[in-house]
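Novice: quick one: sequence plus predicted model below, questions after.
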Amino acid sequence: MLRLGDIVDSLGGQLHGDRGAAIEGLAPLESAGPSQLSFLSNPRYQQQLAASRAGCVIVSPALQEAALARGAAIVADDPYLYYARVTQLWKARRAPAGAGGIHASAVVDPAAHVDPTATIGPLCVVERGARIGAGTVLKSRVTVAEDCIIGARCLLHPGVVIGADGFGFAPRQGEWEKIEQLGAVRIGDDVEIGANTCIDRGALADTLVEDGVKIDNLVQVGHNVRIGRHTAIAGCAGIAGSASIGAYCTIGGSAGILGHLTLADRVHVSSFSLVTRSILKPGHYTGVFPIDENAAWEKNAASLKQLHALRDRVRALEKKS
C-alpha cells in the first residue's frame, strides 16, 4: 500500500486530494476502483476519465479541470512517464530486500566474472570469460556465452541467449563449411532484453548493443550488428548480420532489417515493415502492403508487377509530347 502523499513526496507532481488516502494498486481507467490509482495520457480517452471510479488519476495540466470534476488527481507534465515511475516505486516497495546472489542451480564458469551485486537466476549459464556488471539481473534460464560482456543495471528476461554462434557458412560444392564465430557480444549499461531473445556473437569483431537499449521478446539480432544507444525494438523483429542501427531509433514488431544496412539516428520503422536499403535520414518509415480480401489482394499484386513496364511507357509518351 502507498499513500498519495508518499507518491508525490517521492516523485513530485501536484496532488489535488487527500494526502492520507491509501492506494492499494494500479489499474486502467475503465476498471480502477476507489482504492486504486490510474492515469490518462491521451485526451481521446477523456470520456473514460469522467466515468472512472479510480481513487485518483494522474493527468496533464490540460486535463486538470476534467479530472477534478470527478475526484482526486495528481497533475504532472508527462502523465505516462509519471505512471512509469509510480510502477517503479510500487515494485520497489513490494520487492523483498536483497542484494545479488547466484542461484544454486545456476552454472557459472570459474573463469567468468560476476559482480557481487548482480543476480543470477535459476538454471542460468555464464560461460568462461563472460563478465556480468553491477546490479545486473539474469532471470531464469539465461545463457551468457564465453567472453560476452553485460554492463551494469541490465535486466535479461527468461530464456535470453547472449553469444550463440552467428549464422556463418561458406559454400563448398553444394555443401556448407562452418565459419567459426570468433567475436563476442558487448552490451552496455541499463539495457533490458525480453524473453527468448537471441543476440549472436560476432564473426571477428563483436556484436554491440549500446547503453539504454530496450529489446522486446523473441527478437533475433544477427552477428556483428550494432544497435545504438536508447533504441527500442519490439517483439519478433529480425535484424540480419552486420546491420548498423543508430541511436534513439524504434523498430516495430515483426519488422525486418536486411544485413549490412545502415539506419541513421532517430529512424522509426513501422511494424511488419521490411527494410531493404539503408536509411540515412531521420524519420518514420513504413513498407507494408495493406491487408485486403484475398481476391482483391491478388489483383493488386498482379498489377504491381506491371508497374515497371507502365513506367517505361509513360516515359516514352512524355518524350513524344
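Specialist: Nice, I can see it. As the structure is a computational prediction, the values presented were derived from the model and not from experiment. Residues are numbered from 1 along each chain as shown.
Novice: could you use CA atoms for every contact and neighbour count after this?
Specialist: Will do.
Novice: quick one: contacts of stretch 11-19?
Specialist: For stretch 11-19, contacts defined as Cα atoms under 8 Å, 6 or more residues apart in numbering pick out 3-6, 8, 68, 71-76, 82, 85-86.
Novice: tell me which helix or strand comes right after the longest helix along the chain.
Specialist: As assigned by DSSP state H, the longest helix anywhere in the chain is helix 79-94. Downstream of helix 79-94, the next assigned helix or strand under DSSP states H and E is strand 101-102.
Novice: quick one: name whatever helix or strand follows that following strand.
Specialist: Next element after strand 101-102 (DSSP H and E): strand 107-108.
Novice: please state the mean pLDDT value computed over the longest helix of the chain.
Specialist: Per-residue pLDDT over helix 79-94 has a mean of 93.
Novice: ditto for stretch 56-74
Specialist: 96.
Novice: what residues sit buried inside that stretch?
Specialist: Residues 56-61, 63-64, 66-68, 70-74 are the ones in stretch 56-74 that count as buried (16 or more other Cα atoms under 10 Å).
Novice: next one: stretch 281-297
Specialist: residue 285.
Novice: and it, end to end?
Specialist: 31 Å (Cα to Cα, to the nearest Å).
Novice: likewise for stretch 155-162?
Specialist: 12 Å.
Novice: returning to that earlier point: centre of the chain to the longest helix of the chain, how far?
Specialist: Remark: helix 79-94 is offset 18 Å from the chain centroid, using Cα atoms, centre = their mean, to the nearest Å.
Novice: change the start of the numbering to 17 and stick with it
Specialist: Fine by me, first position is 17 from now on; the one you just mentioned is helix 95-110.
Novice: who are the packing partners of it?
Specialist: With contacts taken as 3 or more Cα pairs under 8 Å, 6 or more residues apart in numbering; DSSP states H and E, helix 95-110 sits against helix 20-27, strand 52-55, strand 72-75.
Novice: between helix 95-110 and the longest one, find me the angle.
Specialist: Compare the direction of helix 20-27 with that of helix 95-110 by axes from the mean of the first three to the mean of the last three Cα atoms, to 10 degrees and you get 110 degrees.
Novice: avg pLDDT for helix 20-27?
Specialist: Mean predicted confidence for helix 20-27 is 97.
Novice: ok, now the second one?
Specialist: The average pLDDT for strand 52-55 rounds to 97.
Novice: CA atoms of the following helix or strand past that strand as CSV?
Specialist: Later in the chain than strand 52-55, the nearest helix or strand by DSSP H and E is helix 62-67. The C-alpha coordinates for helix 62-67 follow below in CSV (Å, rounded to 0.1, in the frame of the first residue of the first chain):
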residue,chain,number,x,y,z
GLN,A,62,-11.3,11.7,-21.7
GLN,A,63,-14.8,10.1,-21.7
GLN,A,64,-13.3,7.2,-19.7
LEU,A,65,-12.0,9.7,-17.2
ALA,A,66,-15.4,11.0,-16.4
ALA,A,67,-16.8,7.5,-15.9
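Novice: what are the buried residues along helix 62-67?
Specialist: Neighbour count says helix 62-67 has 62, 65 buried, by 16+ other Cα under 10 Å.
Novice: show me what it is packed up against.
Specialist: Applying 3+ Cα pairs under 8 Å, 6+ apart, we find helix 62-67 packed against helix 80-84.
Novice: chain center to stretch 315-333, what's the gap?
Specialist: Remark: stretch 315-333 is offset 40 Å from the chain centroid, using Cα atoms, centre = their mean.
Novice: and what of stretch 322-337?
Specialist: Relative to its chain's centre, stretch 322-337 lies at 45 Å (Cα atoms, centre = their mean).
Novice: could you export that stretch as CSV, CA atoms only?
Specialist: Provided in CSV are the C-alpha atoms of stretch 322-337 (Å, rounded to 0.1, in the frame of the first residue of the first chain):
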residue,chain,number,x,y,z
GLN,A,322,3.2,-4.3,-64.3
LEU,A,323,4.4,-1.0,-62.8
HIS,A,324,7.9,-1.2,-64.3
ALA,A,325,6.6,-1.6,-67.8
LEU,A,326,3.9,1.1,-67.2
ARG,A,327,6.6,3.5,-66.1
ASP,A,328,8.6,2.9,-69.3
ARG,A,329,5.5,3.5,-71.4
VAL,A,330,4.8,6.8,-69.5
ARG,A,331,8.4,7.9,-70.0
ALA,A,332,8.2,7.1,-73.7
LEU,A,333,5.0,9.1,-74.1
GLU,A,334,6.5,12.0,-72.2
LYS,A,335,9.4,12.1,-74.7
LYS,A,336,7.0,12.2,-77.6
SER,A,337,4.9,15.1,-76.1
